[in-house]
Structure formats: C-alpha cells, structure tokens
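Q: Need coordinates for the below:
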Amino acid sequence: MSDKGSKPAGRKAADSRRQVAALPWRGGGDALEILLVSSRETKRWVIPKGWTMKGKTPAQAAVQEAFEEAGVEGEIEPASIGAYDYLKRLKTGVARLVTVDVYPLRVTGEHALWPEKGQRTLKWMTPVEAALAVQEPQLRDLIARFAGVTLPELERPSPPPPPTPMALAIQRVSRRVTALLGRRRPR
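A: Numbering: from 1, shown residues only. Model prediction:
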C-alpha cells in the first residue's frame with residue numbers, strides 16, 4: 001500500500017464530523033469497475049467509509065474500512081480526490097451532517113472472509129452504474145470525475161438554490177437558541 005506523505009490522524013473534536021472512505025476500483029479504460037457496498041441499515045449503495053483512526057493516516061483508515069466492509073485490499077492513494085456530505089443518523093436519532101474524504105483504492109486482492117461479510121451486499125459496477133446507484137449527488141459527481149465519464153444530463157446534480165433571507169434568519173435564530181439551550185445545565 002502506498003500511503004507516504006500523510007500524517008497519522010486520531011479522532012479529535014475537530015474530526016468529529018469528518019469521515020474517510022475508500023473508492024475501490026479495478027481494471028482500466030472501458031473495463032474500469034467500481035465496487036459499491038450496501039449500507040447495513042438502509043441497504044442503499046455506498047462506498048466503504050468510517051471514522052478516522054488513532055495511529056493511522058486518513059488513507060490508512062480508508063484501507064481498513066474497505067477491508068472491514070468489503071473484504072478488499074490494495075494500493076491506496078495518499079491524497080483525497082474530493083469529499084462529499086451526507087446525513088448520518090446517530091444512535092440518539094439525531095441526524096448530523098458528515099463530510100467524507102474519499103481515497104481511491106486500486107483493488108489487488110479480495111478476501112473470502114472479512115468482519116462485515118453477510119451484513120452487506122457487494123457489487124462491481126461500471127462507473128456510470130456506480131455513479132447512478134449512489135444517492136449523494138456529490139459522491140455521484142466524484143465517481144464520474146474519477147472515472148472520466150459523463151453522466152446523462154438528467155442525472156447530473158443541479159446546484160442548490162441560494163437560501164432566502166428568511167431561511168438565513170431562521171438558521172441564525174435556530175443556532176442561537178441551540179447555543180443558549182446547550183449552555184443551560186439541567187437541574
């Protein structure tokens with residue numbers, strides 16, 4: 001695995017809403033394939049991802065997630081090729097916006113057994129199939145850019161509309177109320 005140049009990163013407060021992911025791929029040109037895995041709860045198509053790990057670089061943590069979730073190993077790029085956002089539902093039921101840094105992983109081996117075997121479905125797909133299978137528009141675009149493919153016009157994510165002044169005001173008030181309630185101690 002080639003992961004020179006990255007510093008080890010532990011899970012710190014600043015990283016609490018940041019994850020890492022591997023983008024497993026094999027082949028090249030017209031034979032390029034992307035490996036997607038199903039999420040455990042919703043069964044939607046995703047790439048292997050998880051939190052950063054103490055003593056491992058972000059790229060090394062992405063390799064570990066690829067093994068645990070998909071049973072693959074290979075050569076990881078030390079630098080992220082981009083990031084995407086998604087809403088993660090916490091055990092408390094609260095949804096948090098999480099940013100995921102993505103590292104390409106050229107798959108060189110597939111294991112017969114791995115920690116989450118039987119909990120997820122794996123599927124090798126063409127880049128266009130993989131891009132269209134994921135729900136997150138930023139991940140869809142990232143896969144297409146990585147593979148150098150153009151998605152059908154209808155499938156390209158459109159930029160979100162700018163927030164209205166009223167929406168901005170509501171966001172500000174909401175943040176202030178949340179901050180105030182967070183400072184109060186229960187009796």
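
Q: Please make it C-alpha for all contacts and neighbour counts, starting now.
A: Fine.

Q: could you show me where the helices are in the chain, in order?
A: For the chain, helices defined by DSSP state H occupy the ranges 58-70, 127-133, 137-147, 165-183.

Q: got those as CSV, with mean neighbour count and mean pLDDT columns?
A: Formatted as CSV, these follow (neighbours: other CA atoms under 10 Å; pLDDT from 0 to 100):
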stretch, mean neighbour count, mean pLDDT
helix 58-70, 26, 97
helix 127-133, 21, 94
helix 137-147, 20, 95
helix 165-183, 11, 74
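
Q: looking at those, which is closest to residue 101?
A: helix 58-70 (8.3 Å; CA to CA).

Q: other SSEs contacting the closest one?
A: Applying 3 or more CA pairs under 8 Å, 6 or more residues apart in numbering; DSSP states H and E, we find helix 58-70 packed against strand 18-26, strand 49-51, strand 72-76, strand 95-110.

Q: 6 Å - rerun?
A: Here helix 58-70 is seen to pack against strand 18-26 when contacts are counted using 3 or more CA pairs under 6 Å, 6 or more residues apart in numbering; DSSP states H and E.

Q: The strand it packs on: which residues count as buried?
A: Within strand 18-26, the residues that qualify as buried are 18, 19, 20, 21, 22, 23, 24, 25, counting by 16 or more other CA atoms under 10 Å.

Q: now, among those residues, which is nearest to residue 105?
A: Comparing those against residue 105 with CA to CA places residue 24 closest, at 4.7 Å.

Q: what about the nearest residue to the closest one once chain neighbours are set aside, how many neighbours?
A: Once flanking residues are discounted, residue 24 sits nearest to residue 105: 4.7 Å by CA to CA, 6 or more residues apart in numbering. The number of residues packed near residue 105 is 26, by other CA atoms under 10 Å.

Q: could the helices of the chain be laid out in JSON lines, adding distance to residue 101?
A: JSON lines is the format used below for the helices of the chain (distance: least, CA to CA, whole Å):
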{"stretch": "helix 58-70", "distance to residue 101": "8"}
{"stretch": "helix 127-133", "distance to residue 101": "17"}
{"stretch": "helix 137-147", "distance to residue 101": "10"}
{"stretch": "helix 165-183", "distance to residue 101": "26"}
